[in-house]
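predicted model, plus sequence, below.
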Amino acid sequence: MQQKTHKTLYSSHSWIGIISGILLFIVTFSGIPALFDHEIEYWQYPIFSEQQSKQQEKVFDLERTIQASKEINFQHEKFFIQPANDINNHIIFAHFYEDKEPDLRYLNASNYQEFPPSPSELNHLLAHLHTDLHLPNPWGRYLVGLSGMAMLLAIIAGIFIHLKWRKEFVMLRPKRSWRLLLTDQHKLLGLWSLPFTLILAFTGTILGLLGLISPILALAAFNGDVEKATVAVLGPRAEITGEYAPVYPLNTLFDQLEIDLPNTSVELIQVDGLQASASDQHTELMADVGGIIKFSGYHKDKLSNLETVTYNLTSGEKIHQGSFVGKGPFQRIFAAVTPLHYVLFGNTWLKVFYALSALAACGLILTGNILWLHRRGHGMEHWLSKLTLGICGGLVVATSLTFAGSQILYGLNLAPDSGLHHHAEEWVFWSSWLLMILAPFVIKDGFKLSHYLLRLTSIGFIVTLLADGFINNRWLWLTEGWILTIQLSLLVSALLFIYLDWKMPNQVSKKS
Amino acid sequence: MSVPNKRLGERLKNIIDSHGSKNTAAILGALITTIALTVCITLIWPFGDVIEQIFAGGTFFFVFWAALFYWAILATNGRHAWLRILSVLVIAIVIIIFSLLIK
């Protein structure tokens, strides 16, 4: 490669990294809890684990579920049902309003009895940071998509500028200068996590920017009609006529899925057009003749989460089927995007591997930023150094403190439907992050502050385990299953941050 | 050419040749050209049904954007970067017009 080309690529790699680094860190780090969304949801509310059934095989009774929705006065024509999954043994009903909070109800999947919704929304708090940065829809998602594109561009340049990759794969010189240590760590982390970061950047960019490019694609194929394009891919919407008829036997339709959607795990059921109110709750269910029921899920053997089938609610006629298995290569690529990004395949160890790789990517971004500043002779006094440490380190601290806060709040016995628990979690998260962002402007010694942040993070995780034990009586040696898995993950995280605190130098080596 | 016009021409040439111009070509020019190429691919993709065409365009979007970005950034100056971008853009627009006329 010509020296000029190498220099241009190197320059592009550095500038893309420094411009998007902090945002990329936020998106990448928040991706770790987002990866374990269902597991954290199960752990965060002790009542969820009490809903577990002793039966080995869970049988989903759709008719009884719909009937139960009427019994708990969940009166909506259009709603979603999320059946129980491998982790959670509860069914969720959801109706979304345009101008207020959604109506969410929880049913035990074994006895179809309602139980109070989770006062904690820790999983949503962290997952929404990853998907939308808590910004208004769709701008947050676009920003996340653009950061993915920046990551993709930085990776491409990074591949071409690191020509001595065989040597760099194992090169770490901890006893040399601070700059060499940072350079080696940056290259090591980048090379070892390369396949993973490449997959995540590509799939994340598609997920983030799909909304933005949809009109372009619809322009070419459907004369700009996005709605028509959406219907072609995901199936039709209900056509409400105002004329009602008895609902087709829903369990028969659910059984039909074995033929129409074989080897598919149904994750979501959309009902539109069911008669909202019935005079007698146990009478036959009625629906609009144009009403629909749509089953969506992911294929158990192939990488596709876009498997759907739509039936008419009253006639049971199959209106649309969207399967991406066995289709053209580009349909299969798109169907594989979400499973590849959120690990909807493989086992827990694969998720753990993804999480470790995401952590490596966080280290890659941090070392890249510090290296850029160090090469230009900027120390901790530079505003970008302060922001990098405050925002990135602060997010890690805020996450661990919110985990702790989420469990401590159960000790206060806040009313479940008041929303206070959730609001207090949000308050802990945002205020502790803001405090940490301001900390570098008060504590000038960056190394000292980094040690404080690492210790605070590990303390946060340890306090979480202690609070879970004291308040919920879920001590590590008493728990099992997913609760134990999450608790062990918290313990390992605490130990990791203690180790990083121990290994982190106290000042820049004089050799640099 | 009068002296003020010559100066204006030189200033314009300097602006077009500048790093800023090259970066604009790599970011904005590449994005616009990518949109045109995506429409182009979606219109002329010969394999599969209309959904396959849509997803072919969607997948190539990010590949085109990344490729055009680096093709422009590796140009010697801003003018060359814009020439590279515009050459692809013109071809894409011509193909779009022809395929729409045939449709």
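In hand now; what should we look at?

contacting residues around residue 37?
I'll assume chain A. Residue A:37 makes contacts with A:123, A:127, as judged by CB atoms under 8 Å, 6 or more residues apart in numbering or on different chains. Just so you know, the C-beta spots here come from the backbone N, C-alpha and C atoms, and that holds for glycine as well.

the intended chain is chain B.
Here residue B:37 is in contact with B:60, B:64, B:88, B:92 (criterion: CB under 8 Å, 6+ apart).

all helices for chain B, in order.
B:3-17, B:19-24, B:30-44, B:50-73, B:78-102 (DSSP state H).

buried stuff in the shortest one?
Residues of helix B:19-24 classed as buried: B:21, B:22, B:23, B:24 (neighbour count, 16 or more other CB atoms under 10 Å in any protein chain shown).

do it and chain A meet?
No. Helix B:19-24 stays clear of chain A (CB under 8 Å from any CB of the partner chain), getting no nearer than 9.0 Å.

that helix packs against which elements?
In terms of contacts (3 or more CB pairs under 8 Å, 6 or more residues apart in numbering or on different chains; DSSP states H and E), helix B:19-24 is packed against helix B:50-73, helix B:78-102.

that older thread, out of the buried residues of helix B:19-24, who's nearest residue A:388?
When the buried residues of helix B:19-24 are ranked by distance to residue A:388 (CB to CB), residue B:23 comes first, at 23.2 Å.

hmm, residue B:73 and that closest one touching each other?
Yes. The pair residue B:23 and residue B:73 passes the contact test of CB atoms under 8 Å, sitting 7.5 Å apart.

hmm, which helix or strand of the chain has the shakiest average pLDDT?
Since no chain was named, I'll use chain A. helix A:165-168 (a mean of 68; mean pLDDT, DSSP states H and E).

do chain B as well
The helix or strand of chain B with the lowest confidence, counting by mean pLDDT, DSSP H and E, is helix B:3-17 at a mean of 79.

if you count neighbours, what's buried in it?
So, applying 16+ other CB under 10 Å, buried residues of helix B:3-17: B:16, B:17.

that one versus helix B:78-102: what angle between them?
In terms of direction (axes from the mean of the first three to the mean of the last three CA atoms, to 10 degrees), helix B:3-17 departs from helix B:78-102 by 80 degrees.

what does helix B:3-17 rub up against?
Here helix B:3-17 makes contact (CB under 8 Å, 6+ apart) with B:1, B:21, B:77, B:78, B:79, B:82.

close to chain B: what parts of the stretch 101-250 of chain A are there?
A:149, A:152-153, A:156-157, A:202, A:205-206, A:209-210, A:213, A:216-222, A:229, A:232-233.

report the two of the contacts of residue B:37 separated the most.
B:60 and B:88 (12.8 Å).

tell me how far the closest residue to residue A:375 other than its chain neighbours lies from chain B.
Nearest residue to residue A:375, sequence neighbours excluded (CB to CB, 6 or more residues apart in numbering or on different chains): residue A:179, at 7.2 Å. Separation of residue A:179 from chain B (CB to the nearest CB, to the nearest Å): 26 Å.

alpha carbons only: can I get the stretch of helix or strand residue A:179 belongs to in CSV?
For residue A:179, the enclosing helix or strand under DSSP states H and E is helix A:178-192. Taking Å, rounded to 0.1, in the frame of the first residue of the first chain, the C-alpha atoms of helix A:178-192 are listed here in CSV:
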residue,chain,number,x,y,z
TRP,A,178,2.0,4.5,28.5
ARG,A,179,1.5,5.3,24.8
LEU,A,180,2.8,1.8,23.7
LEU,A,181,0.6,0.1,26.3
LEU,A,182,-2.4,2.0,24.9
THR,A,183,-1.4,1.2,21.3
ASP,A,184,-0.9,-2.5,22.0
GLN,A,185,-4.2,-2.7,23.9
HIS,A,186,-6.1,-0.9,21.1
LYS,A,187,-4.7,-3.2,18.5
LEU,A,188,-5.1,-6.4,20.6
LEU,A,189,-8.7,-5.6,21.5
GLY,A,190,-9.5,-4.5,17.9
LEU,A,191,-8.1,-7.7,16.3
TRP,A,192,-9.5,-10.2,18.7
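
pull out the buried positions in that helix.
Neighbour-count burial for helix A:178-192 flags A:178-192 (criterion: 16+ other CB under 10 Å).

and the next helix or strand past the helix or strand hosting residue A:63?
Residue A:63 belongs to helix A:62-71 when elements are defined using DSSP H and E. The element immediately downstream of helix A:62-71 (helix or strand, assigned by DSSP H and E) is strand A:78-82.

which strands or helices does that next one pack on?
strand A:90-95, strand A:264-274.

ok, back up a step: mind putting the buried residues of helix B:19-24 in TSV, distance to residue A:140 and pLDDT included?
Shown next, in TSV, are these (distance: CB to CB, whole Å; pLDDT from 0 to 100):
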residue	distance to residue A:140	pLDDT
B:21	31	92
B:22	30	93
B:23	26	92
B:24	26	94
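
that's all I had, so thanks and see you.
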